[in-house]
Every structure is written in structure tokens, then in C-alpha cells.
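> Sequence and predicted structure below; questions after.
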Amino acid sequence: MNGDWAAQNLQTIRTLMERAALYRRALAPIMIAVGCIGLAAAILGWKLGVVAPRTFILYWLVVAVIACAVAFFLVRRQAIQAGELVWSPPAKRVVHAAIPALAAGLAISLIVTWVLPHLPTEPTNLAALLGMLWLPLGWIILYGCALHAAGFFLPRGMRIFGWAFISGGCLLLANGLPHFDPAMYAHGIMGLFFGLFHQAYGVYLYLTEQKDVAA
Amino acid sequence: MNPEPFLNLDRVIHEKGRMAIMSLLAATPEMSFTELRDTLSMTDGNITTHIKTLQQAGYVGVTKSVQNNRPLTTCSLTTAGRAAFKDYVELLEQIVQQTKSQI
């Protein structure tokens, strides 16, 4: 009696179990929507003159809440249209994986917001340095960590996308202080990472998802 | 070769479609009917028949609810189903080991 069929059955079981753990909602519209919000917020923040460190942090926290709400609305709509659970086990896994890094980002933001008024403004303007230069880079790095962790339950290169945030944030941190307006720099990097990066990844997902359907 | 593991394989699970359904449900606490159907690329009729067989064997529980005014059918493994699936996988592993030891 040949046992090859048994090995094949085990392989099939393994593959299906891995597939069941993956989150299968279309991510392209979510990425493109979040990218649009990020880019619009960066331009609006700069145009509105959101230049004080505390205002800058609170402004971007509000933007993050709006982006999360829009992403949840899109996920919910997809699930309802497909006749599937909104809060499905893979969705829970993705959220649980991403939460620690995101919670750390939120906690650091709140601490920095509380600490800022007590910092000296001269001679280095530590408040601007901490609130508008280091904190955004911390957000970018921690967001990358969240994407990478969630990527274990998401298909299609999410972990590489997470690494792009982590490495980009670290490179900018190593690059030191900008030689121009800190507010412009801060809104610029937020728009680049949370706006353009998401849009580029969303377009990539959209094009490759279309190919998969065609295949 | 000892044929005992093969003879002990659960005939309810040892069918391509039902084994696939059991594998998906074993990896997740519950799964909707449409998710199962889409993941396995099965027809509604085919998957309904397999789920009915698994339900009659006491391996799968089916829950019907309403989500946003739309009916939602979710399936999950019962305790007996989880135990039967575990036994099935262990027997497959035994068969693979036996084959390897003969080579």
C-alpha cells in the first residue's frame, strides 16, 4: 500500500488550514482611501498652519481616528455584501496583531503631549524637536511594526510594506534634523508615508488583484 | 505493512470535499457558508450536501442568524468533530511514517 496519498492529504489539510487563517477582504480600496486621507491631511495641515507641536499631535490623532473609521466602514461593507461575518476570526487576528504597536504609538503620543508644555523652548526648542520631528518618525516606525505583525494574517506583501515604513522611519531618524521648516518637514513625511505610500500599495494591490481575477 | 491505520480512517471525513471543509473549520472558530463555498470553489448544492453529512455525523454545527437584515449561516466544528479530525490527521501521519519506514 502506497502512503503518498496520505502525505498529499496532510499537505492539503495544512494548506487549507493556513488559508483559513488569512484575512481575505480586498485591501486595495482600504489602502487607497487611507492614502487619500493621509495626503489630504498633510496638505491641509500645512495650509491651515498646524505648526505648534501639541496641535500637530492632536491634529494627526484625529486624522488617524478618521482613517480607522473609514477603513472599518469599507471592511464592514465588503463583509455584508459577501454575506460574511464582519468581526471574523481572521479579522480578529489582524487587529490583535496590530494593536500592541499602535497602542504604544498612542501612549507615547499622549505622554509627549502632556510633557511638551514643561519643556524648555530655548536654546534647542526641544518641544518642536520631540513633538514634530521625532514623534512622527516614531509613529511611522511603530505603524510599520503593526503592519508587519498583522501581515502574518494578510496576504500579498503586507510584511514588506511594513518593512518600508520601519526602514524609511529609521533612515530619516538617522539622517538627523532637516535644514528647513520643521512643520513643513513633519507634515511632509506624514503625507509621504501615510499618504503616498498607502496609495502606491493600494494601486499595486488593485492591479494585481485584477490580474488574479483574470487568471 | 500494517493496514490498521487505513482501516480506522473515518469514512465521513475521508472524502476530498468533507476533508477540506473540516480542515478550514479546524483552523478557525467559525466560518460563514459563503466563505467556505468561495474558499473551496464549490457549488452551493455540493457544499450543502457535505455539510449536511458532517452535521448528521455530529461533526459540524450550523447556526443561522441575521446580519444587517441579511441571513447569515455560520458553521463550526463540534467537540466530537474536532476530536474526529485530530484522530484522522494522526492516522494519516501514521500511514506516512509506515511508508517512510518501508523505504
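Noted; the coordinates are in hand.

> Tell me which residues of the lengthiest helix in chain B come out buried.
When chain B is parsed with DSSP state H, its longest helix is helix B:79-102. For helix B:79-102, burial by neighbour count (16 or more other CB atoms under 10 Å in any protein chain shown) applies to B:81, B:84-85, B:88-89, B:91-92, B:94-96, B:98-99. The C-beta positions use only the backbone N, C-alpha and C, and glycine is treated the same way.

> all helices of the chain, in order?
All of this is about chain A. For chain A, the helices defined by DSSP H cover A:4-20, A:28-47, A:53-82, A:89-115, A:126-128, A:135-150, A:158-175, A:182-190, A:198-214.

> hm, I was asking about chain B
Along chain B, counting by DSSP H, helices occupy B:4-8, B:16-26, B:33-40, B:44-56, B:79-102.

> For the fourth one, buried residues please.
Read that as helix B:44-56. So, applying 16+ other CB under 10 Å, buried residues of helix B:44-56: B:47, B:50-51, B:53-54.

> Closest one of the buried residues of helix B:79-102 to chain A?
Proximity of the buried residues of helix B:79-102 to chain A (CB to the nearest CB) peaks at residue B:99, which lies at 2.8 Å.

> Report the separation between residue B:15 and residue B:34.
Using CB to CB, to the nearest Å, residue B:15 is found at 22 Å from residue B:34.

> Sorry, wrong one. I was asking about residue B:89.
Distance from residue B:89 to residue B:34, by CB to CB: 26 Å.

> Likewise for residue A:93?
Counting by CB to CB, the gap from residue A:93 to residue B:34 is 20 Å.

> Which ones, among the buried residues of helix B:79-102, also lie beside chain A?
B:89, B:92, B:95-96, B:98-99 (CB under 8 Å from any CB of the partner chain).

> Run a quick check on residue A:20 versus residue B:31, I expect a contact.
Yes. The pair residue A:20 / residue B:31 is scored as a contact, 6.9 Å apart, by CB atoms under 8 Å.

> Which of the two has more residues huddled nearby?
residue B:31 (23 against 20; other CB atoms under 10 Å in any protein chain shown).

> Distance of that one relative to chain A?
Distance from residue B:31 to chain A, counting by CB to the nearest CB, to the nearest Å: 7 Å.

> pLDDT score for that residue?
Residue B:31 is assigned 89 on the pLDDT scale.

> Flag every residue of chain A that's near chain B.
Counting by CB under 8 Å from any CB, chain A sits next to chain B at A:1-4, A:6-7, A:9-10, A:12-13, A:16-21, A:24, A:80, A:82-86, A:88-90.

> With adjacent residues omitted, what lies nearest to residue A:71?
The shortest distance from residue A:71 to any non-neighbouring residue, by CB to CB, 6 or more residues apart in numbering or on different chains, is to residue A:30 (5.0 Å).

> By mean pLDDT, flag the weakest helix or strand of the chain.
The chain I'm using is chain A. helix A:126-128 (a mean of 66; mean pLDDT, DSSP states H and E).

> Work out which residue lies at the spatial centre of chain A.
Residue closest to the mean C-alpha point of chain A, counted by CA atoms, centre = their mean, is residue A:143 at 4.9 Å.

> Could you do chain B as well?
Nearest to chain B centroid, counting by CA atoms, centre = their mean: residue B:22, 1.8 Å.

> ok, that one to chain A distance?
From residue B:22 to chain A the distance is 8 Å (CB to the nearest CB).

> list the contacts for that residue?
B:13, B:54, B:59-60, B:77, B:81, B:85, B:88 (CB atoms under 8 Å, 6 or more residues apart in numbering or on different chains).

> cool, and residue B:53?
Per CB under 8 Å, 6+ apart, neighbours of residue B:53: B:12, B:18.

> From residue B:6, how far out is it?
When residue B:53 is compared with residue B:6 (using CB to CB), they lie 21 Å apart.

> Ok, residue A:116 next?
71 Å.

> can you check residue A:93 too?
In this view, residue A:93 and residue B:6 are 36 Å apart by CB to CB.

> Determine how far stretch B:94-103 lies from the middle of the whole chain.
24 Å (CA atoms, centre = their mean, to the nearest Å).

> sorry, back to before: wait, which of the helices of chain B is closest to residue A:39?
Shortest distance between residue A:39 and the helices of chain B, using CB to CB, is found for helix B:33-40: 33.4 Å.

> so what's residue A:195 up against?
A:35-42.

> which of these count as buried?
Buried members of the contacts of residue A:195, scored by 16+ other CB under 10 Å, are A:35-39, A:41-42.

> quick one: least confident helix or strand in chain B?
Per mean pLDDT, DSSP H and E, helix B:4-8 ranks last in chain B, at a mean of 77.

> Contacts only, for the residue nearest to residue A:155 when sequence neighbours are not counted.
Spatially, and ignoring its direct neighbours in sequence, residue A:155 is nearest to residue A:22 (5.7 Å; CB to CB, 6+ apart). Contact partners of residue A:22, counting by CB under 8 Å, 6+ apart, are A:90, A:153-155.

> Understood, closing this out.
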